[in-house]
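>>> Take this sequence and fold it.
(one chain, ligands or ions: 1)
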Amino acid sequence: MITTVALGDGVGAGFTGRAGGVSTAPYDSLNLGGAVGDDDAAVRANRRRAAAALGVDPARTVWMRQVHGADVAQVTGPSAGGVPGAVDAVVTTVPGLALAVLVADCAPVLLADPAAGVVGAAHSGRPGTAAGVVPALVERMRALGADPARMTAAIGPAACGGCYEVPAAMRDDVAAVVPAAYAVTSKGTPGLDIRAGIAAQLAAAGVTDVRTDPRCTIETPELFSYRRDGRTGRFAGYVWLQDDEPDTTDAHGDAHGDAHGGPHSGARGDGHGGVRGGGRDDASWEGR
Ligand SMILES: [Zn+2]
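Residues are numbered from 1 along each chain as shown. Down below sits the predicted model:
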């Protein structure tokens, strides 16, 4: 269900897959996207399952309203009070607060400076990469005390350059600002290698400790792919600063019991109360 990534001491990170959820076709089964037509209750159940597998609190998880831009928000809490407006990157210094990015072909990018206690997540597809969302995130993290030379990064599964076919003019537009994204597909047609572009952007920003998940979403049935399937689900990348408190089993073993009696019951109430009353922030948004 989960592919974990080591981004340093005190930092948790991972990417979800397709298996292990409750959604039915075409969202089978661990769809975490709330704006793709899937049943809301199923999405919430899937988000609880993913959180349990990762060891994070589902009510302390920040979901963005992603719009393929380059804006970055600093967040200190989940949902209702969490993300101001539509952004494609979030950063936090708050331990125990998980940042999530939804994708199905776009690249999920996770960043951390464990020593500074700063983590960030970005949604970087074609428009976001051209707009520089990842460099913008690095810059925001630097403003919070992070040092690019000390940062670790993970670029998650995404459409590869061999599969991601685009019109020649579109490739030229992106390559004009991110030359490393220029690609030729396996068919010999114009393509884009978004992850190569992001890696080059990270290097230019001074971030050299970069792990790239080699999986191509289009070629991997175990991952959601919008290009391959059209109507489908979204998987997610998560990154968080681990809490100093010992992580006892009751924190994640029984979501309902914990919701009412656990150490974070106040935060859960805020998150879900705001969500249900105010506009479904926790399950509304789509990313590609
Ligand atoms: Zn591919």
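>>> so what does whatever helix or strand residue 236 lives in touch, helix or strand wise?
Assigned by DSSP states H and E, residue 236 belongs to strand 235-241. Counting contacts by 3 or more CB pairs under 8 Å, 6 or more residues apart in numbering; DSSP states H and E, strand 235-241 packs against strand 11-16, helix 40-54, strand 98-103, strand 107-113, strand 118-124. In short, each C-beta sits where N, CA and C put it, glycine included.
>>> what are the pairing partners of it, and which direction each?
strand 11-16 (antiparallel), strand 98-103 (antiparallel) (DSSP bridges).
>>> Kindly export it (C-alpha atoms) in CSV.
C-alpha atoms of strand 235-241 as CSV (Å, rounded to 0.1, in the frame of the first residue of the first chain):
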residue,chain,number,x,y,z
PHE,A,235,-2.6,8.5,-5.0
ALA,A,236,-0.6,10.7,-2.7
GLY,A,237,2.8,11.6,-1.4
TYR,A,238,3.0,12.4,2.3
VAL,A,239,5.7,14.1,4.3
TRP,A,240,5.8,15.1,8.0
LEU,A,241,8.0,15.9,10.9
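>>> mind listing what the residue nearest to residue 226 when sequence neighbours are not counted touches?
Of all residues not flanking residue 226 in the chain, residue 104 sits nearest, at 4.4 Å (CB to CB, 6 or more residues apart in numbering). Residue 104 sits next to 33, 217, 223, 224, 225, 226, 232, 233, 234, 235, 287, 288 when contact means CB atoms under 8 Å, 6 or more residues apart in numbering.
>>> How about residue 179?
residue 200.
>>> Out of the strands paired with strand 235-241, flag the one nearest the ion.
Closest to the ion of the strands paired with strand 235-241, according to CB to the ion: strand 98-103, at 14.5 Å.
>>> Quick one: work out the angle between that closest one and strand 118-124.
Between the axes of strand 98-103 and strand 118-124, defined by axes from the mean of the first three to the mean of the last three CA atoms, to 10 degrees, the angle is 10 degrees.
>>> Specify the local secondary structure of the nearest residue to residue 118 once chain neighbours are set aside.
Using CB to CB, 6+ apart and skipping residues adjacent in sequence, the residue nearest residue 118 is residue 146, 4.3 Å away. What DSSP: H, G, I helix; E, B strand; the rest coil gives for residue 146 is coil.
>>> Distance check, residue 19 against residue 3.
To residue 3, residue 19 is 12 Å away according to CB to CB, to the nearest Å.
>>> And for residue 12?
When distance is defined by CB to CB, residue 12 is 13 Å away from residue 3.
>>> Neighbour count: the two, which is higher?
For residue 12 and residue 3, the more surrounded residue by other CB atoms under 10 Å is residue 12, and the numbers stand at 22 against 17.
>>> What's opposite that one in the beta bridge?
Taking DSSP bridges, one obtains residue 240 as the residues bridged to residue 12.
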